[in-house]
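**Q** Dropping the sequence and predicted coords here.
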Amino acid sequence: MKKLTVPHLLGIKYLQIKDLELIFETASQFKEIINRPIKKVPSLRDITIANLFFENSTRTKLSFELAEKRLSADVLNISVGHSSISKGETLTDTVKNVLAMKVDMIVIRHPYPGAAHFLANEVNSCIINAGDGTHEHPSQALLDAYSLIEKIGDLRGKKIAILGDILHSRVALSNIYALKMLGANVKLCAPKSLLPKHVDSLGVTISDDLMYVLNWCDAVNVLRVQNERMDINYFPSSREYNQNFGINKECIEKLRKKIIILHPGPINRGVEISSEVADSDNTIILDQVENGVAIRMAIIFLLGSQINISA
Amino acid sequence: MKPKILLNKKKVNTILKRLCHQLIETHGDFSNSVLVGVQPRGVLLLDQIIYLLEEEDIREIKYGKLDVTFFRDDFRRKKKPLNAKSTEMNVIVEGKKVVFIDDVLYTGRSIRSALTAIDSYGRPESIELLVLVDRRFSRHLPIQPDYLGAQIDALQGDRVRVVWSKNSTECIVYLEKKGK
């Protein structure tokens, strides 16, 4: 019988390959369940989960909430705009108060890198990182890898490119860790100004030639330019970015093979990807969204099974 | 100490043939029936029963494989983590006569979970239970088999193991005594 090697999901960095395999295996069973006429199972009926979102989110928040509800957990949603955080309460105080209401699990999204990790040390509860600043977004990387495996099989030796704003992307870092762990070759493609300083330590190759990268890869994960995190200008204009790093119909037609295109959303149509490509059959964006619920059900189920019954 | 053989291959074969005849007696040509193997071990028994029914010239049997992990009532209450197996229910059970198939009936909790799980696929006209081995006097719930291979007495903590041959066509039932 298998279980996860970790009590929290803080980042892909802390997981082992057998954890990824167990999550994927369990997610496959949940995927069958969410395609049934009745999509709900009673497993987590005695668990309460709080979703603490200190940053805007549509997909991740809905996906987590749906996953929790499909597992029959009780769900609390707290968004920063409607809570006492705007009155000056600290993160630890907020979470301790939530836990005092007998909550068993916390899903947290926070603008500061390391927030989930900090919380895991501060409070006695199961923590799931739903994105911490520019650090990690483990559930997204898991669903990306799962969607890729579903499409192109075992990732060992496969060539995967990550294109766009790597510097500000937590999806990029988690994806690199997950893809490398699964044996893929990873190449980053971005303007030099949008690459992080420590990029050499990640065991990936880099290129700023979009057509070369697209011809090289089996699949490309296209990231959004995160204007909201940019305090200075990293490139002259959106138009220039689009000309050098945006994927459009012509790029795809020029390729010698068909490649798979992923996008974690939200899409800035016409910037990193054109509408024609985003809506083409090259993309698996909506598969990613569907798999997101199954992956999150698996994460919550597997972590939930470790929570002491008397807690 | 070697585990004791409760049922040898020959005896199991005789039992399975009898169970198939009992099924035919009730379900006729199986046109309105669905056989459902309970994962993981009931599925091996299901495959063998389908094979034997086909030998009796019953064709086009509708069947499914049901995993009950997410419907169990002992989630977080067992030391061992629960691992899910695949569910393959490509049949509609609405209005059908369903027969659950499992190898050993012990506390009855797996079957209770199966009764909840099957709801996701519609409302069957009726549900029956077929088991190869019934560990009597050990039930936690009011669940009894309709088709019964053999009834045995085993102490709590003893293990009844149904071991299938590599090609899953023959099996032997062992009793492993507690602490041995």
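**A** Cool, the structure landed. Numbers count the residues shown, from 1 in each chain, chains lettered A, B, ... in the order given.

**Q** What average pLDDT does the longest helix anywhere in chain B get?
**A** The longest helix of chain B (DSSP state H) is helix B:9-27. Averaged across helix B:9-27, pLDDT comes to 95.

**Q** Show me which residues of that helix are buried.
**A** By neighbour count, and taking 16 or more other CB atoms under 10 Å in any protein chain shown as the criterion, the buried residues in helix B:9-27 are B:12-13, B:15-16, B:19-20, B:23, B:27. C-betas here are computed from N, CA, C, even on glycine.

**Q** so what's the residue lying closest to B:Tyr63 once chain neighbours are set aside up against?
**A** Of all residues not flanking B:Tyr63 in the chain, B:Leu35 sits nearest, at 4.3 Å (CB to CB, 6 or more residues apart in numbering or on different chains). For B:Leu35, the contacting residues are B:46, B:49-50, B:61-64, B:98-99, B:101, by CB atoms under 8 Å, 6 or more residues apart in numbering or on different chains.

**Q** In three-state terms, label B:Leu35 for me.
**A** With DSSP: H, G, I helix; E, B strand; the rest coil as the basis, B:Leu35 sits in strand.

**Q** For it, give the beta-bridge partners.
**A** Per DSSP bridges, the residues bridged to B:Leu35 are B:Tyr63, B:Val99.

**Q** quick one: what helix or strand has the most centrally placed residue in chain B in it?
**A** The centre of chain B sits closest to B:Asp102, judged by CA atoms, centre = their mean, with a distance of 0.8 Å. Assigned by DSSP states H and E, B:Asp102 falls within strand B:97-105.

**Q** Distance to chain A added to the buried residues of helix B:9-27, as TSV?
**A** Listed next are the buried residues of helix B:9-27 as TSV, based on distance: CB to the nearest CB, whole Å:
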residue	distance to chain A
B:Val12	27
B:Asn13	32
B:Ile15	30
B:Leu16	29
B:Leu19	29
B:Cys20	29
B:Leu23	27
B:His27	25
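
**Q** Identify all contacting residues around the longest helix of chain B.
**A** If you take CB under 8 Å, 6+ apart as the criterion, helix B:9-27 is touched by B:7, B:33, B:48-49, B:52-53, B:56, B:58, B:97, B:99, B:128, B:130, B:132, B:147, B:149-150, B:170-173.

**Q** What of stretch B:40-51?
**A** Counting contacts by CB under 8 Å, 6+ apart, the residues touching stretch B:40-51 from outside are B:16, B:19-20, B:23, B:35-37, B:61, B:63, B:65, B:67, B:85, B:100-104, B:130, B:132, B:162, B:164, B:168-169, B:171.

**Q** Then stretch A:9-23?
**A** With CB under 8 Å, 6+ apart as the test, stretch A:9-23 has contacts from A:2-6, A:116-117, A:120, A:127-129, A:135-136, A:138-139, A:141-142, A:145-146, A:174, A:177-178, A:181-182, A:295, A:298-299, A:302-303.

**Q** you'd agree B:Ile172 is up against B:Asp103?
**A** No: taking contact to mean CB atoms under 8 Å, the distance of 11.8 Å between B:Ile172 and B:Asp103 leaves them out of contact.
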